[in-house]
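Q: I would like to see how this sequence folds:
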Amino acid sequence: MRGIEGEQVLVRIYLGESRKVHHKPLHRRLLELLRREGLAGATILKGCVGFGHDRTIHTTGVECLAQDLPVVIETVDTPEHVDTLLAKIDALMIGGLVTTERAHVIRYEGGAR
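A: Residues are numbered from 1 along each chain as shown. Okay, here's the model as predicted:
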């Protein structure tokens, strides 16, 4: 895995877990893209409640039977790598939101202290 430190770019991708591309969840397709493109790492966070531009609340509550819960994918990498990646993300997105922001990365290696 590539190690990155210092000033980098944090990318967050917000979408609903029911979104699919070619019968496969969009969040999985995006994770595969990030891995294939050699990003330093990525995490998918599944939300328990949220709402988007349509103002509909999506929840894990029984009354809604957990429909279309929010999903956030986070990744951090170099500005250059993120710039080339955004067009590839754009080609897959079917609804959702992508944000970018500067992030200062402090990396800790594993091992005994």
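
Q: Can you report how many residues lie near H27?
A: By other C-beta atoms under 10 Å, the residues close to H27 number 22. Heads up, the C-betas are built off the backbone N, CA and C, glycines and all.

Q: residues in contact with K88?
A: By C-beta atoms under 8 Å, 6 or more residues apart in numbering, the residues touching K88 are L33, E37.

Q: And the one 10 residues further on, by the same measure?
A: Neighbour list for V98: V11, R12, I13, Y14, L86, I89, D90 [criterion: C-beta under 8 Å, 6+ apart].

Q: secondary structure element for it?
A: Using DSSP states H and E, V98 sits within strand 97-105.

Q: That strand pairs with which strands?
A: Strands that pair with strand 97-105, judged by DSSP bridges, come out as strand 6-16 (antiparallel).

Q: How about residues contacting the strand it pairs with?
A: By C-beta under 8 Å, 6+ apart, the residues outside strand 6-16 that reach it are 26-27, 30, 52, 58, 68-79, 82, 85-86, 89, 93, 95-105.

Q: Report the buried members of those.
A: Buried subset of those (neighbour count, 16 or more other C-beta atoms under 10 Å): 26-27, 30, 52, 58, 69-73, 75-78, 82, 85, 89, 96, 105.
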